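Asker: Coordinates only, no sequence provided:
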């Protein structure tokens, strides 16, 4: 789908909400936005910098940046948008182009920015809080987006194999994580989040931070990482055994592998996020480990590593064809070990297409 077509679709949504315009972009730190905070503006306009606000409506297509990014905006921003360079700060420039009923995303707006914007508005302009209008459209990835995510997943798979080649025993968690992130960069990507490498009892911490702890023989190692290419993220987790991990660890590993396979089988268009989660969760709960699976089954992935939809017990989302989601059950045995297995998949009408190629049988490494 072209960027112009995205703007047209969004304009239809804006009109359907009874709005004249919608502000798209980061109204928490306008002009100094992180990649996640500027993801919607990038999706809409193609701009990759840190200073971006857009106005979209039935009669509006405008992109605003500052002097630092004027030339980049000329190269990157779709021609459907009028490009404007703010003379000073973004908010006063934005205010001068607003008219009628104007929507803003309350999840991307600070109280301070909202107050400053209101001070600059002309009479007769009404600001209206909305939630997730752009994200609603971003959810379903087009073919180009799916391929970008698939390429990022392929890169991450290559990194796993490369960093595993010399073995894990005797290396610290931090050494492995740093080697993985360095290799991602060598292959032309960026880490989509800081890698998690957690050995032994640290593996029982779902979001453990890599430490100087050396990986020892007989331990399981939970390794969660992803790559980012052309702005799009991947996400994958595998759990490896350094030598023989013992019967209990093997049993839990096989339980998680079965639960993950069941979760994959459940993912298709029309299935609820809570329904897919329960398919995997029931197996873990019936095996007596229900309290050791404390997070959801998965989440959407795209320009951000965590997007809609959510797969979890309290999810109200229904899966749509074109969603890209993780499927990642886990069991965490406090003080001993953890197991998590995660694939990234594209939701289709009657199944899902797996973008993760690494095998999932328990792999023993040196």
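Answerer: Cool, the structure landed. Values in this document were obtained by computation on a predicted structure and should not be read as measured data.

Asker: centroid residue for this protein?
Answerer: residue 305 (1.7 Å; C-alpha atoms, centre = their mean).

Asker: what residue of the chain is the furthest out?
Answerer: residue 123 (39.3 Å).

Asker: I'd like the distance between that residue and residue 114.
Answerer: Distance, residue 123 to residue 114, by C-beta to C-beta, to the nearest Å: 18 Å. Where C-beta positions appear, they are placed from N, C-alpha and C, glycine not excepted.

Asker: swap in residue 221?
Answerer: 46 Å.

Asker: the more surrounded of the two?
Answerer: residue 221 (27 against 16; other C-beta atoms under 10 Å).

Asker: is it true that residue 244 touches residue 364?
Answerer: Yes: under the criterion of C-beta atoms under 8 Å, residue 244 is in contact with residue 364, at a separation of 7.0 Å.

Asker: quick revisit: OK, contacts around the residue nearest to the centre of the chain?
Answerer: Each residue near residue 305 by C-beta atoms under 8 Å, 6 or more residues apart in numbering is listed here: 36, 192, 193, 226, 233, 235.

Asker: do residue 57 as well
Answerer: So residue 57 contacts 11, 14, 15, 19, 20, 21, 22, 100 (C-beta under 8 Å, 6+ apart).

Asker: can you rerun that using 10 Å?
Answerer: 7, 10-11, 14-15, 19-23, 98-103 (C-beta atoms under 10 Å, 6 or more residues apart in numbering).

Asker: Closest to residue 299 out of these?
Answerer: residue 10 (23.0 Å; C-beta to C-beta).

Asker: what's the pLDDT at the closest one?
Answerer: pLDDT, residue 10: 98.

Asker: repeat for residue 1
Answerer: With respect to pLDDT, residue 1 has a value of 77.

Asker: burial of it, as a residue count?
Answerer: What residue 1 shows, counting by other C-beta under 10 Å, is a neighbour count of 14.

Asker: And for residue 357?
Answerer: By other C-beta under 10 Å, neighbour count at residue 357 equals 14.

Asker: pretty sure it contacts residue 155?
Answerer: No: counting by C-beta atoms under 10 Å, residue 357 stays clear of residue 155, with 11.4 Å between them.

Asker: I'd like to know how many residues surround the closest residue to residue 243 other than its chain neighbours.
Answerer: Closest residue to residue 243 in three dimensions, ignoring its sequence neighbours and counting by C-beta to C-beta, 6 or more residues apart in numbering: residue 217, at 4.1 Å. Counted with other C-beta under 10 Å, the neighbours of residue 217 add up to 13.

Asker: okay, how far is it across stretch 259-273, tip to tip?
Answerer: Separation of the first and last residues of stretch 259-273 by C-alpha to C-alpha, to the nearest Å is 15 Å.

Asker: Could you list the buried residues of that stretch?
Answerer: Within stretch 259-273, the residues scored as buried using 16 or more other C-beta atoms under 10 Å are 259-264, 266-269, 271-273.

Asker: ok, now stretch 179-189?
Answerer: Here stretch 179-189 shows 179, 180, 181, 183, 184, 189 as buried, counting by 16+ other C-beta under 10 Å.

Asker: Figure out how far it is from the centre of its chain.
Answerer: On the basis of C-alpha atoms, centre = their mean, to the nearest Å, stretch 179-189 sits 19 Å off its chain's mean C-alpha point.

Asker: Same question for stretch 141-154.
Answerer: 13 Å.

Asker: Then stretch 270-287?
Answerer: Using C-alpha atoms, centre = their mean, the offset of stretch 270-287 from its chain centre is 21 Å.

Asker: Give the rounded mean pLDDT of it.
Answerer: On average, stretch 270-287 scores 98.

Asker: Just give the strands next to the helix or strand in which residue 129 is found in its sheet, each with its orientation.
Answerer: Here residue 129 sits within strand 126-130, counting by DSSP states H and E. Strand pairing for strand 126-130, determined by DSSP bridges: strand 101-105 (parallel).
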